[in-house]
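Colleague: This is a predicted model, with the sequence first.
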Amino acid sequence: MTIKTMTPIGVILVGLTLYCVAPAQSETLLESQTTEPMQSSRPLISEFSKSILATHPAIAAATAELEAAKARAEGAGRALYNPEIEAEYENADSRTRALGVSQTLDWSGKRKARAATGRADVMAAKAALELVQKSLLSDVLGALSVHQSAFALQQLTASRVRLARDFLTLSQTRKTAGDLSESELLTARLALSQALAEQSRARGELSRARERLAALSGIQRDVWPLVVGTPDGALLQSWNGDVNTLPEMRLVRAQSDSFRTRITLADKMRKADPTLGLSLGQESNGLGSNATLFGVRLAIPLQIRNNYSQSVTAARADALGAEAEARNMHQRVEARLNATTERFLAASTAWQDWQGSGAADLTAQRDLLKTLWEAGELNAVSYLIQLNQTFDAQAAAVDLKGTLWRSWFDWLDASNSANSWLEAIQ
């Protein structure tokens, strides 16, 4: 990868070339225990996301605003003044009839200035539409990531409840046979109560995650797409690092351009335009003689009491404010790109460390603990402590993987690369 400028983003990208994130691979033990048979895979995430973008009201509203901006721009490019027809009739000592036409002239170039402002507004509306699409897609992917973690934790707590029930059943059997003390049986009951409480909390989190997805998609369903594997970070390595291409920057730049054109427009609009009129008529006196009348009229408003210069001052102030907002936005998007890149790299490192040292076969470890407890080599308390440690480790892995996906989706949003990622996984 070639880095043209060593900006802070460029430095991070250079560092990324020295650290390649592991590509998506077959699911680990964690996923094999938390994935439903009919759950969808990454290609369905692409279809699901695109279907939401195609029908979401926020997109429809931004599209309507774009169409309105185009209509306003077309109207602004048309003639500012329409001609006027004048008719005159007078009957006194003589009879006068006249017909004329007058036209106010766009002497100062208001039409051209209005057209320029209209074009800038269209560019801003296009950038606003793209920003709405980007933000909505980010919300969808983020909601799917939260749902992924909540779903995995709910499946994990269900497994914990099953083991706790089995443990209590065996404990009751052993207590009846006189091989277990009353305190150990009470410990088994408490373990089941704790597992049920954890399951209740996990179900609540899953319900909230599905509520958010339903609010975004406008549909109610029990099965939602699940992300599979881990992000490979290839887009991050190939991204050019130009923040000016982001929708946020294009929007504020377009708004700044629009305010600059309004300075010229305000200056043009404060200037008076002359009105030129022509008339043709006939005058008849009481003696039967007729005379043809031809008239020319020129009217020029005198901007004496108010020259409207304050509108130009206000437009200049608005333009300065828009330029300051553009600089502020540049700082914000660059800082977010740096931060999301760092967070993704940190999450990737943590996940690889877990895969290298912590991703043990927890099911086999639980079976071994159960065997040791049944053989009398572990008491109930020791068994439960070590069993809970396996579930805590698995829950930590769920959270770690969720953090990895959320950091990836945050970077996709910060770099406006979500569409490219969705196309790549089809």
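Modeller: Happy to help now that I have it. Residues are numbered from 1 along each chain as shown.
Colleague: pLDDT below threshold where in this protein?
Modeller: By pLDDT under 70, the weakly predicted segments of the chain are 1-43, 286-288, 358-360, 426.
Colleague: which helix of it spans the most residues?
Modeller: If you go by DSSP state H, the chain has its longest helix at helix 110-176.
Colleague: Does that one pack against any helices or strands, and if so which?
Modeller: Contacts defined by 3 or more Cβ pairs under 8 Å, 6 or more residues apart in numbering; DSSP states H and E place helix 110-176 against helix 29-34, helix 42-55, helix 57-76, helix 182-217, helix 247-269, helix 380-415, helix 418-424. Yep, even glycine has a C-beta here, placed from its N, CA and C like the rest.
Colleague: Adding distance to R305, write those helices out as CSV.
Modeller: Formatted as CSV, the entries for those read as follows, by distance: least, Cβ to Cβ, whole Å:
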stretch, distance to R305
helix 29-34, 77
helix 42-55, 54
helix 57-76, 28
helix 182-217, 56
helix 247-269, 17
helix 380-415, 54
helix 418-424, 56
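Colleague: Can you say which of these is packed in most?
Modeller: Neighbour counts (mean count of other Cβ atoms under 10 Å) averaged over each of the helices and strands packed on helix 110-176 peak at helix 247-269, with a mean of 21.
Colleague: what inclination does that one have with respect to helix 380-415?
Modeller: An angle of 30 degrees separates the directions of helix 247-269 and helix 380-415 when computed by axes from the mean of the first three to the mean of the last three Cα atoms, to 10 degrees.
Colleague: next one: the following helix or strand past helix 247-269 to chain centre, how far?
Modeller: Sequence-wise, the next helix or strand beyond helix 247-269 is strand 275-285, with elements assigned using DSSP states H and E. Using Cα atoms, centre = their mean, to the nearest Å, the distance from the centre of strand 275-285 to the centre of the chain it belongs to is 64 Å.
Colleague: Which positions in strand 275-285 come out as buried?
Modeller: T275, G277, S279, G281 (16 or more other Cβ atoms under 10 Å).
Colleague: Could you dump these into JSON lines and include distance to L368?
Modeller: Output for the buried residues of strand 275-285, formatted as JSON lines (distance: Cβ to Cβ, whole Å):
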{"residue": "T275", "distance to L368": "98"}
{"residue": "G277", "distance to L368": "103"}
{"residue": "S279", "distance to L368": "108"}
{"residue": "G281", "distance to L368": "113"}
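Colleague: Closest to V101 out of those?
Modeller: Within the buried residues of strand 275-285, the smallest distance to V101 is 6.9 Å, found for G277 (Cβ to Cβ).
Colleague: tell me the contacts of the closest one?
Modeller: E84, E86, G100, V101, S102, Q103, G295, V296, R297, L298, A299 (Cβ atoms under 8 Å, 6 or more residues apart in numbering).
Colleague: In strands, which of the residues you listed fall?
Modeller: E84, E86, G100, V101, S102, Q103, G295, V296, R297, L298, A299 (DSSP state E).
Colleague: and the gap between the residue nearest to the fifth one when sequence neighbours are not counted and E90?
Modeller: Of all residues beyond its chain neighbours, the one nearest S102 is G277 (3.3 Å), with distances taken as Cβ to Cβ, 6 or more residues apart in numbering. From G277 across to E90, the span is 17 Å (Cβ to Cβ, to the nearest Å).
Colleague: do the same with T292
Modeller: Taking Cβ to Cβ as the measure, T292 falls 16 Å from E90.
Colleague: In space, not sequence, find me the middle residue of this protein.
Modeller: Within the chain, the residue whose C-alpha comes closest to the C-alpha centroid is S135; the distance, by Cα atoms, centre = their mean, is 0.6 Å.
Colleague: Can you tell me how far it is from N306?
Modeller: Computed with Cβ to Cβ, the distance linking S135 and N306 is 44 Å.
Colleague: cool, and G295?
Modeller: Using Cβ to Cβ, G295 is found at 30 Å from N306.
Colleague: more crowded one of the two?
Modeller: Neighbours were counted for G295 and for N306 using other Cβ atoms under 10 Å; G295 has more, 13 against 8.
Colleague: Just grab the bridge partners of that one for me.
Modeller: Here G295 shows beta-bridge partners S279, assigned using DSSP bridges.
Colleague: can you tell me how far the residue lying closest to W107 once chain neighbours are set aside sits from Q220?
Modeller: Leaving aside its sequence neighbours, W107 sits nearest to D273 (Cβ to Cβ, 6+ apart; 4.9 Å). According to Cβ to Cβ, D273 and Q220 sit 60 Å apart.
Colleague: Cool, thanks, talk later.
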